[in-house]
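> Need coordinates for the below:
(one chain, ligands or ions: 1)
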Amino acid sequence: MVRKKVTVVGAGNVGATLAQRIAETQLADVVLVDVVEGVPQGKGLDLMEAGPVLNYNTIITGTNGYEATDGSDIIVITAGLARKPGMSRDDLLAANGNVVQQVAAETGRRSPKAVMIVVTNPMDVMAYVAMKTTGFPRERVVGMGGVLDSARFRSFIAMELGVSVENTHAFVLGGHGDTMVPLPRYSTVAGIPITELMSKETIDKLVERTRNGGAEIVALLKTGSAYYAPSAAALDMVEAVLLDKKKILPCSSYLLGEYGVKETFAGVPVKLGAGGVEQIVEVKLTASENAAFMKSVEAVRTGCAKFM
Ligand code: NAD
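Residues are numbered from 1 along each chain as shown. Alright, predicted model coming up:
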């Protein structure tokens with residue numbers, strides 16, 4: 001059997017934690033790439049040395065080059081700067097745009113059949129940069145944001161109601177930024193919409209906390225941004241592709257008319273399988289939900305325009 005290969009570019013907090021999570025699942029070998037000499041090699045070796053204790057046989061290769069990434073099944077891009085207190089995701093635009101262009105060009109050329117999962121912020125715009133740079137079809141470039149935002153919303157719902165997170169399901173659409181659109185109508189506990197379980201004031205409070213979920217962690221950590229939940233969310237997407245799960249997940253996808261939006265990335269429910277985004281699932285939005293979604297899309301479009 002040929003082992004699957006996942007390349008994770010960026011051996012920082014999100015990238016290295018994702019490498020660990022993939023190693024522990026044993027679903028694929030991991031190539032961890034970073035520009036800083038020694039860091040991906042050191043973290044890769046450290047992860048290999050955890051294998052005997054945790055009983056995994058995953059091979060993790062740390063490198064500053066791209067040769068070892070050849071023929072990857074999935075490329076996850078986490079390279080770039082993370083937010084510091086007071087910074088919005090958009091503040092990262094120019095610096096990370098250059099990084100993603102360079103990384104996407106190298107990895108895309110070496111793994112022309114890969115599914116590319118973009119994590120670097122501002123993620124929706126970076127996904128656009130990766131798609132433009134590689135020339136990959138839209139099915140094979142997808143952004144991670146909605147899975148994380150939904151996980152945050154789910155956590156807050158479970159904390160509020162004192163129920164298991166396993167009972168919760170949440171829906172967050174739009175760009176992965178301050179204008180994201182959590183949808184309470186489609187968010188449920190054991191199948192019951194939360195609109196029947198909580199007052200509007202409580203829901204509004206949880207929605208606001210979800211929107212600020214990333215900033216809340218940045219303000220606490222002070223020297224970096226969240227990475228445990230982001231790497232878990234990225235793993236969910238990696239697994240959906242490697243196992244051809246056809247899992248419906250909120251992901252950033254390039255829209256070509258779906259939701260009345262053309263030629264920009266936005267977070268929507270997609271069916272994720274071996275082919276990447278195999279379907280974009282369209283749900284009906286109310287007038288106010290649609291207005292919030294469109295506002296969020298415009299914010300992404302403005303960012304993309306800088307790379308056209
Ligand atoms: P980090 O600073 O810990 O790691 C980033 C790594 O990228 C560093 O090790 C750095 O050396 C490396 N890097 C920089 N330029 C590179 C290049 N040209 N090639 C290869 N590697 C390069 O940051 P982090 O916390 O891991 O976050 C990584 C990115 O992910 C940030 O942009 C952050 O905002 C974003 N992020 C997105 C989400 C999301 O939901 N989409 C969630 C969390 C973090």
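
> Next one: the residue in the stretch 151-300 of the chain positioned nearest to the ligand from G108, what distance?
Residue of the stretch 151-300 of the chain nearest the ligand, by CB to the nearest ligand atom: P230 (3.5 Å). Just so you know, the C-beta spots here come from the backbone N, C-alpha and C atoms, and that holds for glycine as well. In this structure, P230 and G108 are 23 Å apart, going by CB to CB, to the nearest Å.

> Neighbour count: the two, which is higher?
Per other CB atoms under 10 Å, whichever of P230 and G108 has more neighbours is P230, with 25 against 20.

> Does Y66 touch T107 like I think?
Yes - assessed by CB atoms under 8 Å, Y66 is found in contact with T107 at 6.6 Å.

> Between the two, tell me which one has more neighbours.
Using other CB under 10 Å, the more surrounded residue of Y66 and T107 is T107, with 26 against 18.

> Read off the pLDDT value for that one.
As predicted, T107 sits at a pLDDT of 98.

> what does whatever helix or strand it lives in rub up against?
Assessed by DSSP states H and E, T107 sits inside helix 93-110. Outside helix 93-110, the residues that touch it by CB atoms under 8 Å, 6 or more residues apart in numbering are 7, 9, 33, 66-67, 69-72, 75, 77, 79-81, 114, 116, 118, 120-122, 125-126, 129-130, 133-136, 303, 306-307.

> by contact count, what packs against the following helix or strand past that helix?
Next helix or strand after helix 93-110 toward the C-terminus (DSSP H and E): strand 115-118. Helices and strands touching strand 115-118, by 3 or more CB pairs under 8 Å, 6 or more residues apart in numbering; DSSP states H and E, are strand 74-77, helix 93-110, helix 123-134, strand 141-143, helix 228-242.

> now strand 115-118, how far from the centre of its chain.
When C-alpha coordinates are averaged (CA atoms, centre = their mean, to the nearest Å), strand 115-118 and its chain have centres 9 Å apart.

> Neighbouring strands - and their directions - for it?
Applying DSSP bridges to the sheet, strand 115-118 is found paired with strand 74-77 (parallel), strand 141-143 (parallel).

> ok, the first one near the ligand or not?
No - against the ligand, strand 74-77 shows no contacts by CB under 6 Å from any ligand atom, the least distance being 8.5 Å.

> And stretch 236-246, by the same measure?
No - shown here: stretch 236-246 not in contact with the ligand (CB under 6 Å from any ligand atom), separated by at least 10.7 Å.

> Then stretch 109-128?
Yes - Stretch 109-128 comes into contact with the ligand (CB under 6 Å from any ligand atom), by way of V119, T120, N121, M123.
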